[in-house]
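K.L.:
predicted coordinates and the sequence they were generated for:
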Amino acid sequence: MSDSSYLRLKGWRSVRHSLPLTDCVELYLGVKPDAPAKTISVIPDLPSSWNQLSIGNLHVGSSQIAVSVKRVGVNYFTTVTAPAGWKLTIGYSLPANTQIKSVTLNGSPASVPNRPEQPRRRGSGSDKFRGTQQVRIQTK
């Protein structure tokens with residue numbers, strides 16, 4: 001693998017950890033695409049010490065997407081830009097026992113699906129979309 005396919009994470013100045021970029025995209029940003037079906041799931045799970053992470057120009061099949069994730073206080077944001085017509089599942093993986101105060105999708109109220117088999121996974125649902133979508137989850 002070439003050096004450009006690795007993301008270097010600096011935990012300490014003298015120690016460096018390398019992860020293949022695809023592992024980082026799936027593990028931390030929660031990007032799980034299915035290009036032939038034109039579907040993508042983005043449910044990030046950032047380490048508690050990270051406040052944000054993003055990637056642009058990520059090739060999925062013959063298309064490109066961009067994902068941005070940030071945490072500001074009690075607000076968790078996931079923003080996805082992808083080609084029109086793709087089906088998107090978007091959300092944020094919250095710490096266990098976190099209580100949700102509200103969820104918005106592009107500024108409008110949204111519901112949170114109940115997923116008991118994955119209690120840390122909290123999304124805002126899925127639908128075909130155009131352009132950029134943002135979910136904001138506000139916790140108590």
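P.N.:
Nice, thanks for sending it over.
K.L.:
count the neighbours of residue 84 for me.
P.N.:
Counted with other CB atoms under 10 Å, residues neighbouring residue 84 total 9. To be clear about C-beta, it is placed using only N, CA and C from the backbone, and glycine gets the same treatment.
K.L.:
do residue 99 as well
P.N.:
Under the criterion other CB under 10 Å, the count of neighbours that residue 99 has is 7.
K.L.:
what's it sitting at in phi/psi?
P.N.:
Phi and psi for residue 99, reported as degrees, to the nearest 10, are phi -100, psi 130.
K.L.:
got the contact list for it?
P.N.:
The contact partners of residue 99, by CB atoms under 8 Å, 6 or more residues apart in numbering, come to 139-140.
K.L.:
distance check, it against residue 78.
P.N.:
19 Å (CB to CB, to the nearest Å).
K.L.:
tell me the SS of the residue nearest the centre of the chain?
P.N.:
Taking CA atoms, centre = their mean, the centroid of the chain lies closest to residue 44, which sits 3.5 Å from it. Of the three states, residue 44 takes coil under DSSP: H, G, I helix; E, B strand; the rest coil.
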